[in-house]
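Here is my input; please provide its structure:
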Amino acid sequence: MFTILGASGPGVRQHVAVLGLGEAGSIYAADLAGCGVAVTAADPAVPAPPAGVTLAACIPEAVRGAGLVLSLVGGRAAEAVLAEALPAMEPAAIYADLNTAGPDDKRRFAQQAQQHGIAFADVAILAPVPRARLRTPLVLSGGGAEGLLPVLAGWGIPAASVGNEPGTAAGLKLLRSVFMKGLAATILESVAAARAVGAEEWLVDQIASELGPSGHSLVVRILEGTPVHAARREAEMSAARGFLETLGAAHPITDATIEWLHSLAPGKPS
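Here you go, the predicted structure:
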């Protein structure tokens, strides 16, 4: 395991690989670089990395020599990226999958990592990363969770382990998504109706007052961010529905949320 910078003695400078430089990946890469971490990233769709981050030509180049690999490529690409990264990783490294996926997917990923002798951590992000950036709360599970926790603590990242079974963190994230995306659907539907009678501002204030001190900023984020990220959130809710089905739980609200997000996705009628 690589040493936390300054944890004891002079320490060594950490080397982290970030795979995927979308919204969340770019923030993690930039903020870790700002903490003095050597960050190498890979993303074929990004021509220039954040300041302080080295952009690798390919995934194996990015992960080579890294003590920790953070995968933030999205659920659809997660398995292919994992397969490309594992053969090039250091034996003592941890592969942390921060993508939203079903518990069965995370268990399969963990088995693939185990075949290469790599510790795997199933990591669930519990809030929008742009809000708190590196301080966004996480839950971890899987064989790599115990080793990853002190690393995250060294960076001031709030994280908790929910066990050694990969997929546990993923399942909790999906249960949270059922509520959060369902709440978003309710807010957008009600505000759209209020707009038709000229009561949009009044209703936003009413909703915000019920959500506590940060209610207004939450409502604004939902109204502005949901249409932009509708396709990704539709995929997330489809994974949530699959998980609910394995639990034998009813999912009419999730079904309606998926249909609604589908209508908001680019190219779909609104």
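
Tell me if I'm right that Arg64 and Ala88 touch.
Yes: shown here, Arg64 and Ala88 form a contact pair, counting by C-beta atoms under 8 Å, at 5.2 Å. C-beta here means a position set from N, CA and C on the backbone, and glycine is covered the same way.

What separation do you get for Gly147 and Ile157?
Plainly put, Gly147 is 14 Å away from Ile157 if you go by C-beta to C-beta, to the nearest Å.

swap that for Ala29, please
14 Å.

which of these two has more neighbours?
Ala29 (30 against 20; other C-beta atoms under 10 Å).

Pretty sure that one sits in a helix.
Yes: using DSSP: H, G, I helix; E, B strand; the rest coil, the assignment for Ala29 is a helix.

What segments of the stretch 151-270 of the chain are helices?
Ranges of helices in the stretch 151-270 of the chain, per DSSP state H, counting those that start in this stretch, are 168-196, 200-210, 215-228, 230-247, 252-264.

Determine which of the ones you listed approaches Thr54 most closely.
Evaluated over those, closeness to Thr54 peaks at helix 230-247, with 26.6 Å, by C-beta to C-beta.

Now do the closest one against helix 215-228: the angle between them, please.
100 degrees (axes from the mean of the first three to the mean of the last three C-alpha atoms, to 10 degrees).

any idea of the angle helix 230-247 forms with helix 252-264?
160 degrees.

elements contacting helix 230-247?
On a contact count with 3 or more C-beta pairs under 8 Å, 6 or more residues apart in numbering; DSSP states H and E, helix 230-247 meets helix 103-115, helix 168-196, helix 252-264.

quick revisit: now the helices of the stretch 151-270 of the chain in a markdown table, with mean pLDDT, mean neighbour count and distance to Val151?
Compiled in a markdown table, the helices of the stretch 151-270 of the chain are given as follows (pLDDT from 0 to 100; neighbours: other C-beta atoms under 10 Å; distance: least, C-beta to C-beta, whole Å):
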| stretch | mean pLDDT | mean neighbour count | distance to Val151 |
| --- | --- | --- | --- |
| helix 168-196 | 96 | 18 | 16 |
| helix 200-210 | 96 | 14 | 37 |
| helix 215-228 | 91 | 16 | 29 |
| helix 230-247 | 93 | 19 | 26 |
| helix 252-264 | 94 | 17 | 34 |
